[in-house]
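**Q** sequence first, predicted model second:
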Amino acid sequence: MEKLSTPGTSSFLSYLKNYGFVLFMLFGIAAGTLLGLYFPEAKGLKPLGDLFINLMFCIVVPMVFVSIASAIANMDSAGRAGKVMGITVATFSVTALIAAIVMYAVVSCINIVPAGFSVSEMVTSTEEVTKITAGELLVNFFTKPDFAELLSRRAMLPLIIFAVIFGFGVQLSGGKKTMTAKLLDDLSRCIMKTVTIISYYAPIGFFGFFANLAATYGTDLMGGYAKTLLVYYGMCFVYMFIFFPLYAWYGGGRHAIPVMWRNLFKPAAVSFGTCSSVATIPTNMEAAKASGVSKEVTDIVMPLGATMHMDGSAMGAIVKVAFLFGISGMDFNSGDAILAIIIAVFSSVAMSGIPGGGGVGELVLCSFFFNNSAEQMTIAYTLALAIGNLIDPPATMVNAAGDYVSTYIVSRYTDGKDWLEKKLACLQTESNA
């Protein structure tokens, strides 16, 4: 019998059963951060984090292909698959817009540039800025020249597009009656079991990852970026604790909020710890399943969300541009904010699933706002890249955990606004039988 996480009073043992592993992961993050801040030698623990992230990257590539192709191939009709995808993209766009507007309102009221800030003190990189044409950006977003290049975490969007096309191919060839559809479904279950095994290593991996992160960027955290980071980190948690429940309530009704809270923290911890939306796909799928979201919705929303849902990145783009405008003595008006949001969404879509992969996003932002000279471009890009690395954990947390919350909204429009109540009632009936 499927077990759905429902609201109610839990004993201490039940609490540990539900949240114990999450607490271990959070302990690994906290312990690694403290160690890195006080002992620079903690950079040597980086391989512990790399080991976990690499294992997750190895499994999520086949998972993305199999889950999307399986979901479409096993649907009752191609029309339903198209409906789920359309609603998913619309949901992602609306929530990203809301997130960016909220952050713009905050930076309009709070000066995130500290008094006496010196650009020369913060620029420590002379990385060469490479020009990228719009045509190259478009081609790289959606395609790869060789099939082998699809099988990489660096080609998530092209892989998703190919999986969608393949899934429709199976659907039009007989759908769930075909051996191919059954094989994809079996592979999906096997991959999820493999993910469970890998996840046991997560607390140790987080410990090593954050020990290296804190040891590498500790001085920046305490220096000129401190005010900017304080505002951004704070707003990410505010957004998660205020807007996520609103999204869940809108998508699933009055029972949705406690169900969401019960299942949200593990995806949030994994995404914060790995700085990767892609690596959080398996955990998000588990959370959605525990919340009663249909497999059809889960298998489409999660992979798409890892590359297209960027509430945290949209907030980050606003912070970066506001910071750069502030140190340049320029006014960051609403027109600039709208342009920054549009650029952030379209330029980051292909890199959002990779830790620190927003470099091209920063480059495109700077090319629009700070291209008066090569020197200005280089300084702006260096500062934006540094901020991007420092805000990566909470940005990814909002991006990836938001994928899970988005399934509530998508379910409302694909399965009816009372989808969760029906699920709860069904489980209650089974329980009484």
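**A** Looks like it arrived, so ask away.

**Q** my read: residue 340 touches residue 366, true?
**A** No. Under the criterion of CB atoms under 8 Å, residue 340 lies out of contact with residue 366, with a separation of 10.9 Å. Where you see a C-beta, it was placed from the backbone N, CA and C, and this is true even at glycine.

**Q** mean confidence score for the single longest helix found in the chain?
**A** Scanning the chain for the helix with the most residues, using DSSP state H, yields helix 78-109. Averaging pLDDT along helix 78-109 gives 89.

**Q** how about stretch 257-274?
**A** Averaged across stretch 257-274, the pLDDT comes to 92.

**Q** so which bits of that stretch are buried?
**A** Using 16 or more other CB atoms under 10 Å as the test for burial, stretch 257-274 gives 257, 259-260, 262-274.

**Q** pull the CA atoms of the helix or strand encompassing residue 266 into PDB?
**A** Under the criterion DSSP states H and E, the helix or strand holding residue 266 is helix 256-274. Presented in PDB, the C-alpha positions along helix 256-274 are these (Å, rounded to 0.1, in the frame of the first residue of the first chain):
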ATOM      1  CA  ALA A 256      -1.400  20.600   1.100                       C
ATOM      2  CA  ILE A 257       0.600  22.800   3.400                       C
ATOM      3  CA  PRO A 258       1.300  20.200   6.200                       C
ATOM      4  CA  VAL A 259       2.000  17.600   3.500                       C
ATOM      5  CA  MET A 260       4.500  19.900   1.800                       C
ATOM      6  CA  TRP A 261       6.300  20.800   5.000                       C
ATOM      7  CA  ARG A 262       6.600  17.100   5.900                       C
ATOM      8  CA  ASN A 263       8.400  16.300   2.600                       C
ATOM      9  CA  LEU A 264      10.200  19.600   1.700                       C
ATOM     10  CA  PHE A 265      13.200  19.500   3.900                       C
ATOM     11  CA  LYS A 266      15.100  16.600   2.400                       C
ATOM     12  CA  PRO A 267      15.000  18.100  -1.200                       C
ATOM     13  CA  ALA A 268      16.000  21.500   0.400                       C
ATOM     14  CA  ALA A 269      18.900  20.000   2.300                       C
ATOM     15  CA  VAL A 270      20.200  17.900  -0.700                       C
ATOM     16  CA  SER A 271      20.000  20.900  -3.100                       C
ATOM     17  CA  PHE A 272      21.700  23.200  -0.600                       C
ATOM     18  CA  GLY A 273      24.400  20.600   0.000                       C
ATOM     19  CA  THR A 274      25.100  19.700  -3.600                       C
END
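
**Q** packing partners for it?
**A** Under the contact criterion of 3 or more CB pairs under 8 Å, 6 or more residues apart in numbering; DSSP states H and E, the helices and strands touching helix 256-274 comprise helix 12-38, helix 46-73, helix 202-222, helix 226-252, helix 281-290, helix 392-415.

**Q** tell me the angle that helix makes with helix 202-222.
**A** An angle of 80 degrees separates the directions of helix 256-274 and helix 202-222 when computed by axes from the mean of the first three to the mean of the last three CA atoms, to 10 degrees.

**Q** now helix 256-274 against helix 281-290, angle please.
**A** An angle of 170 degrees separates the directions of helix 256-274 and helix 281-290 when computed by the same axes, to 10 degrees.

**Q** so how far is helix 256-274 from its chain's centroid?
**A** 12 Å (CA atoms, centre = their mean, to the nearest Å).

**Q** likewise for stretch 142-157?
**A** Mean C-alpha position of stretch 142-157 versus that of the full chain (CA atoms, centre = their mean) differs by 19 Å.

**Q** tell me how far stretch 35-50 lies from the chain's centre.
**A** On CA atoms, centre = their mean, the centre of stretch 35-50 falls 24 Å from the chain's centre.

**Q** output it as CSV, restricted to C-alpha atoms.
**A** Extracted C-alpha coordinates of stretch 35-50, given in CSV (Å, rounded to 0.1, in the frame of the first residue of the first chain):
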residue,chain,number,x,y,z
LEU,A,35,35.7,23.5,10.0
GLY,A,36,36.4,25.3,6.8
LEU,A,37,36.0,28.8,8.4
TYR,A,38,38.5,28.1,11.1
PHE,A,39,40.9,25.7,9.3
PRO,A,40,42.0,26.7,5.7
GLU,A,41,43.5,23.2,5.4
ALA,A,42,40.0,21.9,5.2
LYS,A,43,40.2,22.4,1.4
GLY,A,44,41.8,19.0,1.4
LEU,A,45,38.4,17.5,2.2
LYS,A,46,37.0,18.5,-1.2
PRO,A,47,37.3,14.9,-2.6
LEU,A,48,34.7,13.7,-0.1
GLY,A,49,32.2,16.1,-1.6
ASP,A,50,33.3,15.5,-5.2
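
**Q** any idea of the mean pLDDT in that stretch?
**A** Stretch 35-50 shows a mean pLDDT of 90 in the predicted model.

**Q** next one: stretch 408-422
**A** In this model, stretch 408-422 has an average pLDDT of 92.

**Q** swap in stretch 323-334?
**A** Looking at stretch 323-334 alone, the average pLDDT works out to 78.

**Q** give me the helices and strands touching whichever strand or helix holds residue 188, please.
**A** Element membership of residue 188 [criterion: DSSP H and E] is helix 179-199. Using 3+ CB pairs under 8 Å, 6+ apart as the contact criterion, the secondary-structure elements in contact with helix 179-199 are helix 46-73, helix 156-172, helix 281-290.

**Q** would you mind finding the most buried of these?
**A** Per residue and on average, the most neighbours among the helices and strands packed on helix 179-199 fall to helix 281-290, with a mean of 24 (mean count of other CB atoms under 10 Å).

**Q** so what does that helix touch, helix or strand wise?
**A** Using 3+ CB pairs under 8 Å, 6+ apart as the contact test, the elements touching helix 281-290 are helix 46-73, helix 179-199, helix 256-274, helix 295-308, helix 392-415.

**Q** verify the stated contact: residue 102 with residue 236.
**A** No. Using CB under 8 Å, residue 102 is not in contact with residue 236, being 10.6 Å away.

**Q** okay, those two: which has more neighbours?
**A** Looking at residue 102 and residue 236 with other CB atoms under 10 Å, you find the greater number of neighbours at residue 236, namely 25 against 18.

**Q** can you list the low-confidence ranges for the stretch 251-400 of the chain?
**A** Along the stretch 251-400 of the chain, segments meeting pLDDT under 70 span 344-364, 367, 371-375, 377-378.

**Q** among the helices and strands packed on helix 179-199, which is nearest residue 299?
**A** Go through these one by one with CB to CB and the one that ends up closest to residue 299 is helix 46-73, at 3.4 Å.
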